[in-house]
Structures are given as structure tokens and as C-alpha cells.
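Colleague: model the structure of this input:
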Amino acid sequence: MYKPRFNKRQVLVFRQFGNKGYSLFSCLGREVVCSVLSVATLTYASAESVSTHPVVTDSTAMTTAREMQLEEVSITGSRAPLTKSQAARMVTVLDRTDIAQAPVQSINDLLKYAVGVDVRQRGPIGAQTDISIRGGTSEQIIILLNGINICDPQTGHNVMDLPIDLSEIVRIEVLEGPAGRIYGTSSLVGAINIVTHPAAETSADFSLEGGSFGYGRISGRGNLKQDRWNNQISASYSRSDGYSRSAEGSLNTDFSGGKAFYQGQYEDDAVRINWHVGVSDKGWGSSTFWASPKWQADNQYEHTTKIFTAIQAQTKCGRLRFAPSIYWNQNQDRYEGYRGQPEKMKFNRNRTDVYGVNLSSYFDWIAGRTAFGAELRNEDLVSGNLGEPLSQPEGDYTLGVNRTNISGYLEHNLLFKDFTLSAGLVAVKNTWNNKHFTVYPGVDISYRPHQDWKLHASYNTSLRMPSFTEMYYKVQGYSADPHLMPEEMQAVELGINYQHKGFYGTAVIWHHHGKNMIDWIMDTSKGSDAIWESVNHTTINSIGVELTTKLDFTQLLPSQQFLRTFTLNYSYINQDKKQEENIVSQYALEYLRHKLVGHVMLQLYHQLDLSLNVRWQDRVGSYTDFDGHINDYQPYCLTDARLTWHAGKWKLYVEANNLFDVSYHDYGLVEEPGRWLIAGVSIHL
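Modeller: Reported below is the predicted structural model:
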């Protein structure tokens, strides 16, 4: 289902004509449909640093695509666009087909099946989810929407409150490992880029679904294409009564909310301009999400409102190419320790405004391809609980903090026939810590000894500033440290991938050396005085292995139609930082040691498909229950299924999450839902 690929880019540069009738199509950079051949190119919204194989829509196209001279197509393997054969970094890519087949209702749920990603949920359907990569924490990755950093400096817990639905997404790209010289700060252990794009022609979609625990959802999308202009708008609303009740019998895992997203594009021969505006507003019962043995509240509540805006452009001609962008994001958060009872615990209100300007550019010369650029990002928080006293309070906002991050990068690429060396650095300065510019270098190498084989190696570094919550959060049972040091990471990675006639496989081994790693810990030896405290761990060394395989039976056994694809992926992680006696870690020392993900796609009938997904994982770490007992996390195996009937412009589907009703814990004090059934219909016009 998920497949590491090498990333292409929308800017297609014609190098030379091949001895093929389709060489002209290769240079045009447009979607081409000839009989059963369909080769689609990525849009400018693709991540600026990752590379992938072409997206193809059927097995015949896949065979033909490998024959094409795709080395002539410009793609991105670093800060500067490189060709497919030259790109050095690997990424896990999920395209439209994978999204449509998955038995999920949110991006959060979808990422569970990426083998290097750890998705820890507090509630289903994306109510509240922490996402991490390669044993890191949810604060240590960067989330991008069309290449724009949308991370909330207040906390990583709510970063996935996105204004877009799954139907809006063109692809999701997961880059594993530090990406400081590519994305700057926050990308300590990896990055996730969510790519959207207006539809290629005027169209509309509508969907309706319902299921267990009073779940219901309605969504719609409309697109208008006129010459060089393209405009698209979508909206959705969902709700549920939740799967549990508080001790008093009231709702405590219910949720409801809506989202709307508008995106537009203008394109001519000289420039492409994209812009988007999105709003997400939702509230959810937080049950025991933030409870502790000392504070056993089971009727917490949270409400968030988020606004995302950005304008991006890219020049398409001239020796020096520019790609500027400007963005503003706002995040509002209201947390209720006791739902609807401010007299019992004051509501915690926060508002962050993030302003950013980014300029990327590159040019070719006799020594290779050089890229350079800079970003200015200002993060401003006003709060009732986080920060320093404001000189002029704003109602409930009596505290606040402001910091500005300045970064500049430089990268050069040496390009040979089957070999690429891409090296660069990013220089970072943040006004919060009053340090001088700090440089974080990186280098990627790739070599292709044969058209079916590719080897890659990399060394990369990165940093992350602590979130405002890690610095200032102080409520019942929690105490933060405003003097936390930034986290720093160094990583080495070696990998190999092979693809031939319906078989695809990769093997990667990596090592992370983390310094000043931030975590919330509790010293249980303090008994009733024990609280959660934010601290810097001295050093954490991690080593991991990832193996992926995919069999495409439409190529291996084309005479049959029943078995379509089979995927099996596995990851292993080990850290040398052990938990001290009586010390319980909330995040950094709780990681997935083993994760095994399997997927099979079956065609039961001409129009009836069955998608089965199995996920087994074993987590390192422990938690203290409400009785004061320390419990180790237990491994669990979950099965999800989706049955879909396709009928032209509409389809019906039934899906089940946690099909066998397994009891499990992602977080120790949070009850997870059992079997969840959903049925729906979608129409495309």
C-alpha cells in the first residue's frame, strides 16, 4: 500500500530526444493518455526535497513507464530539482489510489500504515493524534501543507487539525530522518508533506457516511477550470457521540466539527501561482487524555480553531529560477480540565500567530547545480497559562511569548551518469535563545549500478526549538521548564532498493544521535507529590532497520484478476537510553520497537474490491495506572477492512476498524475504541 519512491517534480526540462515516439511527451511535462498509457507528473506542491517514482494508474503503464527515458525529466532530490536517476533521498509516498483503498476517515488514521511512522491516538477519526517518525516524538517532526510549514509552536498535539479532507489530497510524502538543510527547524527526525491541487477539469464530488457510536459525516467539493485559472472549494462536517462515558455518565469522547478549504491556481508560460485558505473548527471530549495518577479527571474537553493561508509562486523560464512563498497561520485552543466547569479549573486559552516568508532559488553552471534561499518565520503566542506576563493583557490572554527564526541555506549538486553527490547546509538563528547563527550540514549520495538497483547513503543534521507548552505548561500535575535547550540530531542512513517486473523491495539501516532530547517524565518515588516535568535528556542513540516489499500480481500473474497487490513492511528500533528506576517517560522513551504492516488488495468481482490491512506493533515503555501500579505496554494486532462497490461515477463502501474488537492502549490512561463500523456513498460529477 505504501511504497518508497523517488520524487518527481512539476518542472520538466527536456534534455534530448530519445529514439522513441513518445519522447516529445516526456519533455512536455503534462499528463499524457495514449491507449492504456497514463503517466502523471507531480505538481509544484510536491515536497521540496524528496524524490519518487512516477505515479502510474495501471500495470501496463508501469511497464511502459520504466522503458521511458525518464532521466530527461527534472525532479527534486534535494533543495535543487534533480532527475529521477540522480535523486539521492528516499521517501514513502501515498497516492490517490492508496488513499481511496484505505479503510480510514482521516489523514491521521492513514499514516498508521506507513512503517516508519508511529501514530498514537487519543480518540478515533483523528480527534487527537500524536504522530512521530523513527522513535521520535510528535514535537520532532515537521508537517507541511503543499510545502508550507504548518506546525503549531504551542504544541505538536494539535498539528493534525487540518482543514482538508482525504478526497482533497493528491499525495502524502513521508521523509524519514533529519531534514534541517531542507526544511530548517522542527524537522528533527523527519517530515510529512501533504499535497493538494485543484482538479484538472471542472467537476464536483459529494459523499455521505455513518456508523458506530453515532458517527456521521457529510462532505462536498466543487472545481471550476477556466483557461489559465483554476479554483476549487471543499467543505465537510463530522460528529460522533463517542465510545465511552465519564464516571458521571456524561459524554466524554464525543466530537464534532467542520472544515473548509479553498485553493486556486494561475499558470502561463512564465509563472505558476498557487494560493490557499483553509479553516478547521472542532471540539472533542478529552476523557482522561491528560490525566495522571494524581489528577484523575475523566471529563476533559478541548476546542480548536485553525486558519491556514499561503501564496506560492514559481518562475518557469530563465537561467535563475525563483520560488517565493508567504504565509500566515493562526491556531486557537481552549482546554477545559473539567468540561464546562471553569469555576473548578480555569479554562486554558491560547492563540498563536505564525508569519513566514520564504525564497528558494537555483541555477545551473559548469560545476553543477547550485541552490540557495532563506526563510523568516515569526511565532507569537498569547495565553492564559503559557509565557511571560504581557505589558498589555488582552482579555483572558495575560501571558505571551514571541520568537523569530531566521534561516538560510546553500547547496550544491555534482551530477554524473549514475552518481549524485548533493551537499549543503542551513544556518539558523532564533531570537529566543540569543545564540549566534548555528550551522547544520548534510550530504546525500546515490549510485545506480543497474537500472533495477539503486544505492543511497546520507549524513544529515537538524535541530528543534522547544514548544511553548514544553517551556511554560503549569497546571495540576504538570510543571514545565522555560530554560529548556534546543534538541539537536545527527543521523547516518544506508539503503538499497530494487524494482523489477512487479516486485519492489527496499532495505534501510539508520543511526540517530540525539542531544538535549526533551521529554515529560515523572518520578514515581515521590509518591503523591509526583508530577510530570519537562526535561532535557542528555543523549539518546537510536538504531533502526526498515524492510519493505511489494508484489504487483497484475504484472506477476496477469492471467488472473483476483489477487491485485500484496505488501509487507517491517521496522525495528532500539535506543540505548534506558528508563531510570522509578522514572516514567511520557514520550521520548516510549517508542515502537517492532512494527509490522501488511496489506492485500483483492478483486472479488468486476466492480467489487476488498482491501485488508493488518498492523502489529510492540511498544517500549510503561505507564502508571490510577491505582499507582506500573504497567508495561503490551503488543497488539489490529485488522482493518474495506469493501467497495464501484459503479461509474459513484461507489458504495463498508469498512471496519479494529475488526476483531481488540483491547489495546496507545497511551496508558486512555481507553481506545473497539470495533468501529462505517458505511458510505460517494458521487463524482
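Colleague: downstream neighbour of the host helix or strand of G278 in the secondary structure list?
Modeller: Following DSSP states H and E, one finds G278 within strand 271-287. As assigned by DSSP H and E, the chain's next helix or strand after strand 271-287 is strand 300-315.
Colleague: what is that next one packed up against?
Modeller: strand 148-149, strand 271-287, strand 321-336 (3 or more CB pairs under 8 Å, 6 or more residues apart in numbering; DSSP states H and E). C-beta coordinates here come from the backbone N, C-alpha and C atoms, glycine included.
Colleague: any chance of the ones you listed in TSV, with mean pLDDT and distance to G674 too?
Modeller: As requested, those are exported to TSV (pLDDT from 0 to 100; distance: least, CB to CB, whole Å):
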stretch	mean pLDDT	distance to G674
strand 148-149	92	37
strand 271-287	95	15
strand 321-336	95	26
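Colleague: Y623 is nearest to which of these?
Modeller: Y623 lies closest, by CB to CB, to one member of those: strand 271-287, at 15.1 Å.
Colleague: for A457, give me its contacts.
Modeller: Counting by CB atoms under 8 Å, 6 or more residues apart in numbering, A457 makes contact with 444-446, 492-495.
Colleague: let's go with 7 Å and repeat that
Modeller: Counting by CB atoms under 7 Å, 6 or more residues apart in numbering, A457 touches 445, 493-494.
Colleague: lowest-confidence member of the residues you listed, which is it?
Modeller: Among the contacts of A457, I445 has the lowest pLDDT, at 93.
Colleague: that one: how many residues sit nearby?
Modeller: 17 (other CB atoms under 10 Å).
Colleague: am I right that it sits in a strand?
Modeller: Yes - assignment of I445 by DSSP: H, G, I helix; E, B strand; the rest coil places it within a strand.
Colleague: tell me where the stretch 51-200 of the chain is predicted with low confidence.
Modeller: Where the stretch 51-200 of the chain drops to pLDDT under 70, the residues are 51-78, 81-87.
Colleague: circling back: could I have the strand holding G278 exported to PDB, CA atoms only?
Modeller: Provided in PDB are the C-alpha atoms of strand 271-287 (Å, rounded to 0.1, in the frame of the first residue of the first chain):
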ATOM      1  CA  VAL A 271       5.000  31.700 -14.000                       C
ATOM      2  CA  ARG A 272       2.800  29.500 -11.800                       C
ATOM      3  CA  ILE A 273       1.000  30.900  -8.800                       C
ATOM      4  CA  ASN A 274      -0.900  28.900  -6.200                       C
ATOM      5  CA  TRP A 275      -2.800  30.100  -3.200                       C
ATOM      6  CA  HIS A 276      -5.000  28.500  -0.500                       C
ATOM      7  CA  VAL A 277      -7.100  29.400   2.500                       C
ATOM      8  CA  GLY A 278      -8.400  26.800   5.000                       C
ATOM      9  CA  VAL A 279     -10.400  26.800   8.200                       C
ATOM     10  CA  SER A 280     -10.800  23.900  10.700                       C
ATOM     11  CA  ASP A 281     -13.000  24.200  13.800                       C
ATOM     12  CA  LYS A 282     -13.800  21.300  16.100                       C
ATOM     13  CA  GLY A 283     -14.400  20.300  19.700                       C
ATOM     14  CA  TRP A 284     -13.900  16.900  21.400                       C
ATOM     15  CA  GLY A 285     -14.300  15.200  24.700                       C
ATOM     16  CA  SER A 286     -10.900  14.600  26.100                       C
ATOM     17  CA  SER A 287     -11.900  11.900  28.600                       C
END
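Colleague: chain center to that strand: distance?
Modeller: Counting by CA atoms, centre = their mean, to the nearest Å, strand 271-287 is centred 15 Å from the centre of its parent chain.
Colleague: then stretch 447-463?
Modeller: 22 Å.
Colleague: equivalent analysis for stretch 119-133, please.
Modeller: The chain centre lies 12 Å from the centre of stretch 119-133; the measure is CA atoms, centre = their mean.
Colleague: same check, this time on stretch 359-371
Modeller: How far stretch 359-371 lies from its chain's middle: 28 Å, per CA atoms, centre = their mean.
Colleague: look up phi and psi at the closest residue to S622 other than its chain neighbours.
Modeller: In space, and not counting its chain neighbours, S622 is closest to D632: 4.9 Å by CB to CB, 6 or more residues apart in numbering. Backbone dihedrals for D632, given as degrees, to the nearest 10, come out at phi -80, psi 150.
Colleague: give me the distance between D632 and G544.
Modeller: D632 is 21 Å from G544, where distance means CB to CB, to the nearest Å.
Colleague: before we move on, back to that, paired strands for the strand holding G278, with orientation please.
Modeller: In the sheet, strand 271-287 lines up against strand 255-267 (antiparallel), strand 300-315 (antiparallel) (DSSP bridges).
Colleague: give me phi/psi at the nearest residue to P293 once chain neighbours are set aside?
Modeller: Nearest residue to P293 in three dimensions, chain neighbours excluded: T624, at 5.1 Å (CB to CB, 6+ apart). Torsion angles at T624 (phi, psi; degrees, to the nearest 10) stand at phi -100, psi 120.
Colleague: return the residues in contact with T624.
Modeller: 293, 524, 584, 630.
Colleague: from these, pick the one nearest D205.
Modeller: V584 (46.6 Å).
Colleague: what sits against that closest one?
Modeller: Contact analysis of V584 by CB under 7 Å, 6+ apart lists 521-522, 524, 622-624.
Colleague: show me where this structure has helices.
Modeller: For the chain, the helices defined by DSSP state H occupy 23-28, 59-67, 96-101, 107-110, 180-183, 468-472, 553-556.
Colleague: what's the fifth one packed up against?
Modeller: Contacting helix 180-183 under the criterion 3 or more CB pairs under 7 Å, 6 or more residues apart in numbering; DSSP states H and E are the following elements: strand 419-430, strand 438-450, strand 453-464.
Colleague: name the nearest residue to Q263, sequence neighbours excluded.
Modeller: Counting by CB to CB, 6+ apart, the residue nearest Q263 is H276, at 4.1 Å.
Colleague: isn't that neighbour up against A310?
Modeller: Yes - H276 sits in contact with A310 when judged by CB atoms under 7 Å, with a separation of 5.8 Å.
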